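Trainee: what's the 3D shape of this:
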Amino acid sequence: MTLGPGLNLTLLAWVWVMRVEWRRRRLPFGDLVAWLESVPSRAASTVPHEAVFAAIRRAYVLSPFRPTCLRESLAALGLLRSLGFPARLAIGVKVAEAPVDAHAWVELNGVALGPPADDYRPLRRRPAG
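Mentor: Purely as a prediction, here's the structure:
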């Protein structure tokens, strides 16, 4: 039995959500990000990155976990890298905001993917490579 491509991607996304949520509770944040960013980037997939983010959102609906931009970005980072995208995590804040408004997103070749991050100044950004 073959599942449709959207369902296959949602199942993969759900696996990444579970992996991230399990490790998020057991690893220091830096180790979690290092693990995700070390996922081998194999031959690039033909799956559009927009479909990856949609699958991550669907996977969170199917999970017991509350999605946040950080959680979604971490799971998307793992899934994107496993699909061959050299994605990286970025975290930023809005300048001159009180209280501090932080946001996490995924970048591919320095370009933000997923929800817009235009108003945020990056605090954490690691170059690809």
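Trainee: C-alpha only now, for contacts and for neighbours.
Mentor: Will do.
Trainee: Going along the chain, name the strands of this structure.
Mentor: If DSSP state E is used as the criterion, the strands of the chain fall at 87-93, 102-108, 111-113, 121-125.
Trainee: could you dump these to a markdown table with distance to R71, mean neighbour count and mean pLDDT?
Mentor: Formatted as a markdown table, the entries for those read as follows, by distance: least, CA to CA, whole Å; neighbours: other CA atoms under 10 Å; pLDDT from 0 to 100:
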| stretch | distance to R71 | mean neighbour count | mean pLDDT |
| --- | --- | --- | --- |
| strand 87-93 | 11 | 23 | 89 |
| strand 102-108 | 9 | 22 | 85 |
| strand 111-113 | 15 | 15 | 81 |
| strand 121-125 | 16 | 15 | 71 |
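Trainee: Make a markdown table out of those strands and add distance to T68.
Mentor: Written out in a markdown table, the entries for the strands of the chain read as follows (distance: least, CA to CA, whole Å):
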| stretch | distance to T68 |
| --- | --- |
| strand 87-93 | 13 |
| strand 102-108 | 9 |
| strand 111-113 | 15 |
| strand 121-125 | 17 |
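Trainee: Tell me which of those lies nearest to R42.
Mentor: Between R42 and the strands of the chain, the shortest gap by CA to CA is with strand 87-93, which sits at 12.0 Å.
Trainee: now for that closest one, which elements pack on it?
Mentor: Contact here means 3 or more CA pairs under 8 Å, 6 or more residues apart in numbering; DSSP states H and E; on that basis strand 87-93 packs against helix 29-37, helix 69-82, strand 102-108, strand 121-125.
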